[in-house]
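Engineer: quick one, fold the following:
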Amino acid sequence: MSKFLIDSDGNKVNTKYIGKDMLKRDKVVNGLFKDAEKLHGQLIKTKEKMLIKIDEYLESVADQYSVEWKGNTALLNFSAKRKVEITISDRISFSEKLNIAKELIDRCIEKWSKDASDKLKPIIDKAFSTDRKSKVDVKQILKLRTLKYKDAEWEEAMKLINEAITIEYSKRYVKFYDKDKEGKWKALVLNFSAI
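Structural biologist: Numbers count the residues shown, from 1 in each chain. From the prediction side, this is the model:
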């Protein structure tokens, strides 16, 4: 054992000044963490291997029809009792053009409110409200694009929203399911904390 341990403030502390219980706990925690890191590495490698197998299979199917594979899917075994689901989720954010779109939308509301009810303003305010991290609700913003108004500023605002969309990254998820005796899908849990 090292003669020194680093405390929470980053100071070196001689082990002769640390209680036996604390030294024992430190050893247990570090040992468990080492095991968890090893398991984490194995999970990463296993997921990578699985994604390669999935990609190879889906690409071979798509190649038969001279197309490129895209999108989410579910693969079933022959008995239809086991399923592997592959989903892709995009992390979307918006560029500065979203602020310009909001300004144009506000102009539209001001213009329209002279002749119309105030029902649209809360919808717009909700769409552009931010959470604790100053992030807008992507779904609410994208929902605005479904509203069709014959107004040049509104149409320009919707165009700006489309241009403001930025996909930060895409993440692929792989989930495994087994059918139970009643025929209901039951997830094979790979989340360590949920087991």
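Engineer: longest helix anywhere in this structure?
Structural biologist: helix 20-63 (DSSP state H).
Engineer: from the chain's centre, how far out does that helix sit?
Structural biologist: 19 Å (CA atoms, centre = their mean, to the nearest Å).
Engineer: show me what it is packed up against.
Structural biologist: Helix 20-63 sits against strand 73-76, strand 82-94, strand 165-179, with contacts defined as 3 or more CB pairs under 8 Å, 6 or more residues apart in numbering; DSSP states H and E. Any C-beta I mention is one placed from the backbone N, CA and C, and that applies to glycine too.
Engineer: same list (those strands) but as a markdown table, adding mean pLDDT, mean neighbour count and distance to Lys150.
Structural biologist: Output for the helices and strands packed on helix 20-63, formatted as a markdown table (pLDDT from 0 to 100; neighbours: other CB atoms under 10 Å; distance: least, CB to CB, whole Å):
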| stretch | mean pLDDT | mean neighbour count | distance to Lys150 |
| --- | --- | --- | --- |
| strand 73-76 | 96 | 12 | 40 |
| strand 82-94 | 93 | 15 | 25 |
| strand 165-179 | 92 | 12 | 23 |
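Engineer: dump those to a markdown table, plus distance to Lys148.
Structural biologist: Below are those laid out as a markdown table (distance: least, CB to CB, whole Å):
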| stretch | distance to Lys148 |
| --- | --- |
| strand 73-76 | 32 |
| strand 82-94 | 21 |
| strand 165-179 | 19 |
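Engineer: for Gln64, find the nearest of those strands.
Structural biologist: Among the helices and strands packed on helix 20-63, strand 73-76 comes nearest to Gln64, with 15.1 Å by CB to CB.
Engineer: got the contact list for that closest one?
Structural biologist: 54, 57-58, 82-86 (CB atoms under 8 Å, 6 or more residues apart in numbering).
Engineer: in this protein, where is pLDDT below threshold?
Structural biologist: Within the chain, the segments meeting pLDDT under 70 span 1-2, 115-120, 193-195.
Engineer: domains of it: list them as residue ranges, please.
Structural biologist: Taking automatic domain parsing as the reference, the chain has its domains at 1-70, 71-195.
Engineer: so which of these is the most surrounded?
Structural biologist: domain 71-195 (a mean of 13; mean count of other CB atoms under 10 Å).
Engineer: now Lys16: closest residue in space, sequence neighbours ignored.
Structural biologist: The shortest distance from Lys16 to any non-neighbouring residue, by CB to CB, 6 or more residues apart in numbering, is to Lys3 (8.0 Å).
Engineer: any idea how far Tyr17 is from the one you found?
Structural biologist: As judged by CB to CB, to the nearest Å, Lys3 and Tyr17 stand 11 Å apart.
Engineer: and for Asn162?
Structural biologist: 63 Å.
Engineer: same deal with Tyr177?
Structural biologist: 54 Å.
Engineer: pull up the distance across stretch 145-155, start to finish.
Structural biologist: Start-to-end span of stretch 145-155 (CA to CA, to the nearest Å) is 9 Å.
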